[in-house]
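Participant: With the input below, show me the fold.
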Amino acid sequence: MARYRGPQSRIARKFGEPIFGPDKVLEKKNFPPGFHGLASRRRKKSEYGLQLREKQKAKYMYGVLERQFSNLFKKASASKGVTGEVLLQLLEARLDNVVFRLGIAPTRSAARQLVSHKHITVNGEVVNIPSYHLRAGEVVGVREKSKSLEVITASVNSRRHSKFAWLEWDSAQLTGKFLARPERSEIPENIKEQLIVELYSK
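Facilitator: Next up is the predicted model:
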């Protein structure tokens, strides 16, 4: 599966929630896309179908491919703690997600692009790997030459994102510190991680 680059509203309608952020189309058409959209919503889904749907939602939400997601699950399974919660913590610790959470980019896809184009630094060094996993105490910043980029200044000035307890933001330096992996209660995403665990446990 290649990274999805099609209409995001179509995917949001498929899951019935704004997984990519606020969506005006979803507000008007809050039912699955396609000719049989409303009928498919009424159809009862199997247990496997619900589990698969939850995994797909998480993958689309965080912009992760199947192999990456599978590897993260294996890592979560081998770690101490509740597997589903650890999986979400690993997803939240990705560099592209933290850039989004800090408000440097308006969406995760925009954050991924900023990282790939070498606009983001970690501990003062340029890192262009969106899947880079941050450790507690590491500092994410905007490269000096990139601080005037319109997409960054517009996103930082709007600061639509709430402040998160596991992140520390310095608006003067355009840097943020990753304090620790978040607790499950601190992650706002509507994901039923237990269904994903059950799917991989089959």
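
Participant: hey, let's count contacts and neighbours off CA atoms from now on
Facilitator: Will do.

Participant: Give me the buried positions along the lengthiest helix in the chain.
Facilitator: Ordering each helix of the chain by length in residues (DSSP state H) puts helix 47-62 first. Neighbour-count burial for helix 47-62, counted by 16 or more other C-alpha atoms under 10 Å, picks out 50-62.

Participant: How far away from the center of its chain is that helix?
Facilitator: Offset of helix 47-62 from its chain centre (C-alpha atoms, centre = their mean, to the nearest Å): 14 Å.

Participant: After it, which helix or strand is next? Please name it.
Facilitator: helix 66-78 (DSSP states H and E).

Participant: Remind me what whichever helix or strand comes after that next one packs against, helices and strands.
Facilitator: Next in sequence after helix 66-78, counting helices and strands by DSSP H and E, comes helix 83-92. In terms of contacts (3 or more C-alpha pairs under 8 Å, 6 or more residues apart in numbering; DSSP states H and E), helix 83-92 is packed against helix 66-78, helix 193-200.

Participant: how about a cut-off of 6 Å?
Facilitator: Applying 3 or more C-alpha pairs under 6 Å, 6 or more residues apart in numbering; DSSP states H and E, one finds that helix 83-92 contacts helix 66-78.

Participant: Alpha carbons only: can I get the helix it packs on in PDB?
Facilitator: Taking C-alpha atoms only, helix 66-78 is exported to PDB below (Å, rounded to 0.1, in the frame of the first residue of the first chain):
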ATOM      1  CA  GLU A  66       1.100  -1.200   6.800                       C
ATOM      2  CA  ARG A  67       4.700  -2.400   7.400                       C
ATOM      3  CA  GLN A  68       5.500   0.500   9.700                       C
ATOM      4  CA  PHE A  69       2.300   0.000  11.700                       C
ATOM      5  CA  SER A  70       3.000  -3.800  12.000                       C
ATOM      6  CA  ASN A  71       6.600  -3.100  13.200                       C
ATOM      7  CA  LEU A  72       5.300  -0.600  15.700                       C
ATOM      8  CA  PHE A  73       2.800  -3.100  17.000                       C
ATOM      9  CA  LYS A  74       5.600  -5.700  17.400                       C
ATOM     10  CA  LYS A  75       7.700  -3.200  19.300                       C
ATOM     11  CA  ALA A  76       4.700  -2.300  21.500                       C
ATOM     12  CA  SER A  77       4.000  -6.000  22.200                       C
ATOM     13  CA  ALA A  78       7.600  -6.500  23.400                       C
END
